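Engineer: Fold the following for me, if possible:
(one chain, ligands or ions: 3)
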Amino acid sequence: MASLGRVALLPVVVVAMAAAAAMVEGLGVNWGTQASHPLPAKVVVQLLRDNGIKKVKLFETNLDAMSALAGSGIEVMAAIPNNMLHDMAADPKAARDWVKRNVKRFDFDGGVIIKYVAVGNEPFLEAYNGSFIKATLPALENIQNALNDAGAGDRIKATVPLNADVYNSPAKNPVPSAGRFRSDISGVMTDIVKFLAKNKAPFTVNIYPFLSLYLSDDFPLDFAFFDDGGPPVHDGGNGVTYTNVFDANFDTLVAALRAAGHGDMPVIVGEVGWPTDGDRRATAALAERFYGGLLKRLATTHGSPARPGQRIEAVYLFGLVDEDRKSVAPGSFERHWGIFRYDGQPKYGMDLAGQGRRANARLVPAKGVEYLSRTWCALNPKAGDLGKLGEKIDYACSNADCTTLGYGSTCNGMDARGNASYAFNAYYQTQSQKDEACDFQGLALPTQTDPSTHACNFTIQIATSAAAPAPEPGVVVAALLMLALAQLVLLSSC
Ligand SMILES: *[C@@H]1O[C@H](CO)[C@@H](O)[C@H](O)[C@H]1NC(C)=O
Ligand SMILES: *[C@@H]1O[C@H](CO)[C@@H](O)[C@H](O)[C@H]1NC(C)=O
Ligand SMILES: *[C@@H]1O[C@H](CO)[C@@H](O)[C@H](O)[C@H]1NC(C)=O
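Structural biologist: Ligands and ions are numbered 1, 2, ... in the order given. This is a model prediction of the structure:
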């Protein structure tokens, strides 16, 4: 029996290896779980395997994900969230305990292949007002030292995923070769770089061409992509002409690393991607164009113009699936970064081998996803008194995701009734179709008729046993603000 089993497995292994060989080397994805109905961990791991994805980056190190990843052969970047940085910094023993519970426990033959530990997530974002500036380096030191003491330090490296806002070029000479670490943190950044170098650990940076475009109306659209269509930027400092912001941004980091004495430090791109909803430039078509160009670029040019011979160590796409509980403080697009929808369905054509925009190249959809029943919640057509509608929509949307209703989004442009139905359904699905979640004092009714339009999906949630985390307070506030605006429009049109 045993040998039969092995024979039967052989062809599968061969196919899997062929798929892996065809994929862009060093490619991974970010697996975030801030969703009301996260896909089961086993489904996610199968989804990664079916698509030949060999690397995954986490935002926390939860037992579910780690158990599902055990034995999968997928390389993992485990993670320590920002809210644990102060504890990790204050006490080497806390760091040793963390390593014991989250790394050592899974670090065995047939367990989880942990390659990196992410210490914090973009801890120097200006939005955090400097609250993590003192803690990050000591936390990094304590974690790497704990890994070293545990005898795992040559296999497992601690690193800090940083936003690309930790470096810039001076306004007077805005070219990549003039890149330096941000002046308010240049001391701590230099110390971090030195510590990483001492431990042969990589620098990790998140690069977002979409945000360059979103944050500046003057930003030339084509410079966000890889079609050589952008207005070329000539850098006299290194003789390179840049035609896309990804390379320009990456090489600004290379210059900052050089200035800190470590120009050849390995670099991981911790996050890069394009969202598909919540802004007029967050569309599936532009995401397809962005990834088509990025993957082709990674398949053909391994380094960057300033370091042509040195391969980017790894590139993690952001993200795997849409997350309907992410904070929308950065923008409504925040919940739409997935290369897959919330249910593991691909959104657009994508070829992970980077062979250009090959016709019909599709990601493999998730298998074994169970949905709730085909029931939607919509505005009751017989509802008489609509006086409370604004208030009810407000309530629904502060507890569910209505970001697709906004300007430039897929569900924008419906009439007031369409808006109401969308909000009621979003809430009903988030509440896993509980009867009492589709009432709104008689204003709403369940229906078996799909209210979706050509552009706008009224979704059915997936069935999942995972307990959904409560939304962060910031999410509720932002949603309330947005809906307060929507309500004004709605009321005035009623
Ligand atoms: C940072 O400071 C601003 C303005 O003082 C404040 O509104 C915000 O809540 C602070 N953020 C954090 C994370 O402390
Ligand atoms: C709506 O969902 C269907 C699958 O249920 C998908 O095929 C379609 O692309 C989606 N449309 C949009 C605009 O997201
Ligand atoms: C529907 O909601 C969106 C976003 O909340 C808003 O921009 C739009 O004006 C609303 N439409 C109507 C007709 O009220």
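Engineer: host element of Y214?
Structural biologist: helix 209-215 (DSSP states H and E).
Engineer: so what does that helix touch, helix or strand wise?
Structural biologist: helix 245-259 (3 or more Cβ pairs under 8 Å, 6 or more residues apart in numbering; DSSP states H and E). Using the backbone N, CA and C atoms, a C-beta is placed for each residue, glycine as well.
Engineer: Counting by contacts, list what the helix it packs on packs against.
Structural biologist: Here helix 245-259 touches strand 167-168, strand 180-181, strand 203-206, helix 209-215, strand 240-242, strand 267-272, going by 3+ Cβ pairs under 8 Å, 6+ apart.
Engineer: can you pull the contacts of N457?
Structural biologist: 404, 410-411 (Cβ atoms under 8 Å, 6 or more residues apart in numbering).
Engineer: Now those residues in TSV, please, with extra columns for distance to ligand 1.
Structural biologist: Converted to TSV, the contacts of N457 look like this (distance: Cβ to the nearest ligand atom, whole Å):
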residue	distance to ligand 1
T404	27
T410	31
C411	30
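Engineer: out of the residues you listed, who's near ligand 2?
Structural biologist: T410 (Cβ under 6 Å from any ligand atom).
Engineer: For the closest residue in space to K388 that isn't next to it in sequence, the count of nearby residues, please.
Structural biologist: Excluding the flanking residues, the one nearest K388 by Cβ to Cβ, 6 or more residues apart in numbering is Q441, at 6.4 Å. Counted with other Cβ atoms under 10 Å, residues neighbouring Q441 total 10.
Engineer: Also G418?
Structural biologist: A count of nearby residues for G418, using other Cβ under 10 Å, gives 18.
Engineer: now do R374
Structural biologist: Neighbours of R374 (other Cβ under 10 Å): 10.
Engineer: for the one 5 residues further on, same thing?
Structural biologist: L379 has 26 neighbouring residues, counting by other Cβ under 10 Å.
Engineer: quick one: N412 from H454, how far?
Structural biologist: Counting by Cβ to Cβ, to the nearest Å, the gap from N412 to H454 is 13 Å.
Engineer: Those two - which one has more neighbours?
Structural biologist: More crowded of N412 and H454, by other Cβ under 10 Å: N412, with 15 against 6.
Engineer: What mean pLDDT does the helix holding Y214 get?
Structural biologist: If you average the pLDDT over helix 209-215, you get 96.
Engineer: What residues does whichever residue of the chain sits closest to ligand 1 make contact with?
Structural biologist: Nearest residue of the chain to ligand 1, counting by Cβ to the nearest ligand atom: N129, 3.8 Å away. Listed by Cβ under 8 Å, 6+ apart, N129 has no contact partners.
Engineer: Angles on the backbone of it, please.
Structural biologist: Main-chain torsions, N129, degrees, to the nearest 10: phi 50, psi 30.
Engineer: roughly how far apart are it and ligand 2?
Structural biologist: Distance from N129 to ligand 2, counting by Cβ to the nearest ligand atom, to the nearest Å: 37 Å.
Engineer: per-domain residue ranges of this protein.
Structural biologist: 27-335, 376-493 (automatic domain parsing).
Engineer: Whether the longest one contacts ligand 3 - can you check?
Structural biologist: No - using Cβ under 6 Å from any ligand atom, domain 27-335 stays clear of ligand 3, with a minimum separation of 9.4 Å.
Engineer: near ligand 3, which residues of the stretch 301-450 of the chain?
Structural biologist: 405-407, 415-416, 419.
Engineer: In helices, which of those residues appear?
Structural biologist: 416, 419 (DSSP state H).
Engineer: and which of the residues of the stretch 301-450 of the chain next to ligand 3 is nearest E271?
Structural biologist: Nearest to E271 out of those is G406 (Cβ to Cβ; 23.2 Å).
Engineer: I'd guessed the closest one sits against D277; true?
Structural biologist: No - contact criterion Cβ atoms under 8 Å: G406 and D277 do not qualify, at 9.1 Å.
Engineer: Now for these two: what residues contact both?
Structural biologist: With Cβ under 8 Å, 6+ apart as the test, G406 and D277 both reach S332.
Engineer: neighbour-wise, which of the two wins?
Structural biologist: Neighbours were counted for G406 and for D277 using other Cβ under 10 Å; D277 has more, 25 against 21.
Engineer: So for that one, what's the nearest residue that isn't a sequence neighbour?
Structural biologist: Closest to D277 by Cβ to Cβ, 6+ apart is H336, at 3.9 Å.
Engineer: how far away is the one you found from P138?
Structural biologist: According to Cβ to Cβ, H336 stands 36 Å off from P138.
Engineer: do R96 as well
Structural biologist: 14 Å.
Engineer: just N457 next, same as before
Structural biologist: 46 Å.
Engineer: which residue does the stretch 51-200 of the chain bring closest to ligand 3?
Structural biologist: Here the stretch 51-200 of the chain gets closest to ligand 3 at one residue, A127, 24.3 Å apart by Cβ to the nearest ligand atom.
Engineer: Likewise for the stretch 101-250 of the chain?
Structural biologist: As assessed by Cβ to the nearest ligand atom, ligand 3 sits closest to Y214 within the stretch 101-250 of the chain, at 18.2 Å.
Engineer: Tell me who's in contact with that residue.
Structural biologist: 279, 281, 331, 333.
Engineer: Which two among those are spaced furthest apart?
Structural biologist: Most distant of the contacts of Y214, by Cβ to Cβ, are R281 and G331, 10.7 Å apart.
Engineer: Have a look at those two and say which one is more surrounded.
Structural biologist: G331 (19 against 16).
Engineer: right, and the more buried one touches R280 too?
Structural biologist: No - assessed by Cβ under 8 Å, G331 is found out of contact with R280, at 11.4 Å.
Engineer: Any stretches of the stretch 251-400 of the chain with poor pLDDT?
Structural biologist: Across the stretch 251-400 of the chain, the ranges flagged by pLDDT under 70 are 356-360.
Engineer: quick one, strands of it?
Structural biologist: Using DSSP state E, counting those that start in this stretch, the strands of the stretch 251-400 of the chain run over 267-272, 314-317, 376-379.
Engineer: Count the neighbours of A127 for me.
Structural biologist: By other Cβ under 10 Å, neighbour count at A127 equals 10.
Engineer: who touches it in this structure?
Structural biologist: A329.
Engineer: Start at 35, not 1
Structural biologist: Sure, I'll start numbering at 35, so the last one becomes A161.
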